[in-house]
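> Pasting the sequence and the predicted model now:
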Amino acid sequence: MLKQILYSVILSLALLGCGTENPFDRGEDFDDGTAVTPGPGGNVSFATNIKPVLKKCTSCHSGGTGGWTYDGGTNAYMQATSVVDADNPENSLLLLKGTGKNGHGGGAIFSITSDDYKALLAWIQGGVPEG
């Protein structure tokens, strides 16, 4: 019986890893050095600039945690654009959730002043090019 309770506690803690308690909140200035800034002329490429930023999302969202799946695989572009608002880029869930807003259980992944945010915003404003 004690073994079952222990397993339940461990499982519960693991499931809370991406829950609303923000155990992974990286703070406003989090930067792991993976940001890739837009190229000359402000061109942003999904493969070159956006996928490296979104790689941070796979630890929680590869299994669909929080209602969004992002695994960085063959459907990565479709998965990313599913949380983009091309008509109002700043209101894209990708940006809101990434900055810890709108109930993101994983906390802030990047700040609005970071290169990651700027690259994502430029990509959305540029029409979310796939190339």
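It's in. Residues are numbered from 1 along each chain as shown.
> what about the helices in the protein?
2-15, 51-54, 58-61, 76-81, 93-98, 115-125 (DSSP state H).
> pull the helix or strand with minimum mean pLDDT from this protein.
When each helix and strand of the chain is scored by mean pLDDT, DSSP states H and E, helix 2-15 comes last, with a mean of 49.
> which stretches of the protein aren't confidently modelled?
1-42 (pLDDT under 70).
> Could you rerun that using 80?
For the chain, the stretches with pLDDT under 80 are 1-43, 131.
> Look up the closest residue to Gln125, ignoring the ones flanking it.
Pro89 (5.1 Å; C-beta to C-beta, 6 or more residues apart in numbering). Quick note: C-beta positions are derived from backbone N, CA and C, even for glycine.
> residues in contact with that neighbour?
Going by C-beta atoms under 8 Å, 6 or more residues apart in numbering, Pro89 touches Leu95, Leu121, Ile124, Gln125.
> mind running it again at 7 Å?
Leu121, Ile124, Gln125 (C-beta atoms under 7 Å, 6 or more residues apart in numbering).
> Then Val83?
Contacts of Val83 (C-beta under 7 Å, 6+ apart): Trp68, Ser92, Leu93, Leu94.
> hmm, 10 Å instead?
Cys57, His61, Gly67, Trp68, Tyr70, Ser92, Leu93, Leu94, Leu95, Leu96, Lys97, Gly98 (C-beta atoms under 10 Å, 6 or more residues apart in numbering).
> roughly how far apart are the residue nearest to Gln125 and Ser62?
25 Å (C-beta to C-beta, to the nearest Å).
> same question, Thr74
13 Å.
> Of these two, give the one with the bigger neighbour count.
Ser62 (14 against 8; other C-beta atoms under 10 Å).
> Lys101 touches Leu93, doesn't it?
Yes. Using C-beta atoms under 10 Å, Lys101 is in contact with Leu93, at 9.5 Å.
> Can you list the buried residues in stretch 74-81?
Ala76, Tyr77, Gln79, Ala80, Thr81 (16 or more other C-beta atoms under 10 Å).
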